[in-house]
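Participant: could you look at this predicted model? Sequence included:
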Amino acid sequence: MSLEHEAVPADGQADGDRRARADIYSLLGKLLARPPEGPLLQLLHGIDPAATPPDTAMHAAWRDLRAAALATDAARLQDEYFKLFIGLGRGELVPYASWYVHGFLMEKVLASLRRELTSLGFERRAGVAEPEDHAAAVCEIMGMIISDSELYLRESEFFETYVGSWIGRFFADLEAAETAVFYKAVGRLGRQFVDIERQYLSLPAG
């Protein structure tokens, strides 16, 4: 959404769990950055819930996201996104880590995140004004960290400090938001995925 990084391609392990996890973070980042249209909306239409085990929360979340995408269109998605995240003055939700951690925008967690991104080798893209603690940017960053053959060693630390402490609550709020229709399914997918990530990253290394 707002950053660029000279990535070091991940090794063969990324062909399995790491690549799948990075892809989900990347998708969530794209859906939170702007309403889907064109190729991305078509991608959602083609989701195959059977790729995940049946009778699981993630299977149901993928199924619901596909159904929500098929039931809407670009114009309705633009309107829904505006009401949720932009609004006249403010949207229904405030998708920033600072807001969820401190109750205010542009707070300490953003300053800390900016220092961390510098140490990881990330730079802001020219012309981007959105703060780096936006939910879309944080998801994008997690995806890039997981995909990098060097940075992935810091994924647990980054998740614990800048993701796990708040984004699950954000996704739960998105799922419950009054104006959410399509994005209710996005919130459900994000909430379920973050719960799985928390468990996965708490496992002993190796």
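Facilitator: Received the coordinates, thanks. Given the structure is predicted, the values throughout are model-derived calculations rather than measurements. Residues are numbered from 1 along each chain as shown.

Participant: show me where the protein has strands.
Facilitator: 3-5, 122-124 (DSSP state E).

Participant: which of these has the lowest mean pLDDT?
Facilitator: Among the strands of the chain, strand 3-5 has the lowest mean pLDDT, at a mean of 53.

Participant: mind listing the helices for the protein?
Facilitator: Ranges of helices in the chain, per DSSP state H, are 17-33, 38-45, 57-70, 74-81, 97-102, 108-120, 135-147, 155-158, 167-176, 182-201.

Participant: give me whichever of those is most buried.
Facilitator: Greatest average neighbour count among the helices of the chain goes to helix 135-147 (a mean of 24), per mean count of other C-beta atoms under 10 Å. (Glycine included, C-beta is placed from N, CA and C.)

Participant: what angle do that one and helix 17-33 make?
Facilitator: Here helix 135-147 points in a direction 160 degrees away from that of helix 17-33 (axes from the mean of the first three to the mean of the last three C-alpha atoms, to 10 degrees).

Participant: quick one on the thing from earlier: is it possible to get JSON lines of the helices of the chain that adds distance to residue 89 and mean pLDDT?
Facilitator: Shown next, in JSON lines, are the helices of the chain (distance: least, C-beta to C-beta, whole Å; pLDDT from 0 to 100):
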{"stretch": "helix 17-33", "distance to residue 89": "20", "mean pLDDT": "95"}
{"stretch": "helix 38-45", "distance to residue 89": "28", "mean pLDDT": "96"}
{"stretch": "helix 57-70", "distance to residue 89": "27", "mean pLDDT": "96"}
{"stretch": "helix 74-81", "distance to residue 89": "16", "mean pLDDT": "97"}
{"stretch": "helix 97-102", "distance to residue 89": "15", "mean pLDDT": "95"}
{"stretch": "helix 108-120", "distance to residue 89": "21", "mean pLDDT": "95"}
{"stretch": "helix 135-147", "distance to residue 89": "20", "mean pLDDT": "96"}
{"stretch": "helix 155-158", "distance to residue 89": "32", "mean pLDDT": "96"}
{"stretch": "helix 167-176", "distance to residue 89": "18", "mean pLDDT": "98"}
{"stretch": "helix 182-201", "distance to residue 89": "20", "mean pLDDT": "96"}
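
Participant: which among those is found nearest to residue 129?
Facilitator: Closest of these to residue 129 is helix 135-147, at 11.9 Å (criterion: C-beta to C-beta).

Participant: quick one: that closest one to chain centroid distance?
Facilitator: On the basis of C-alpha atoms, centre = their mean, to the nearest Å, helix 135-147 sits 7 Å off its chain's mean C-alpha point.

Participant: so how far is stretch 164-180 off the chain centroid?
Facilitator: Using C-alpha atoms, centre = their mean, the offset of stretch 164-180 from its chain centre is 11 Å.

Participant: what residues does that stretch touch?
Facilitator: 80, 83-84, 92-93, 95, 97, 100-101, 135, 138-139, 183-184, 186-188, 190-191, 194-195, 197-198, 201 (C-beta atoms under 8 Å, 6 or more residues apart in numbering).

Participant: then stretch 135-146?
Facilitator: Residues contacting stretch 135-146 (C-beta under 8 Å, 6+ apart): 1-3, 5, 7, 10, 14, 18, 21-26, 28-33, 95-97, 117, 120, 122, 130-132, 151-152, 154-155, 158-159, 162-163, 167, 170.
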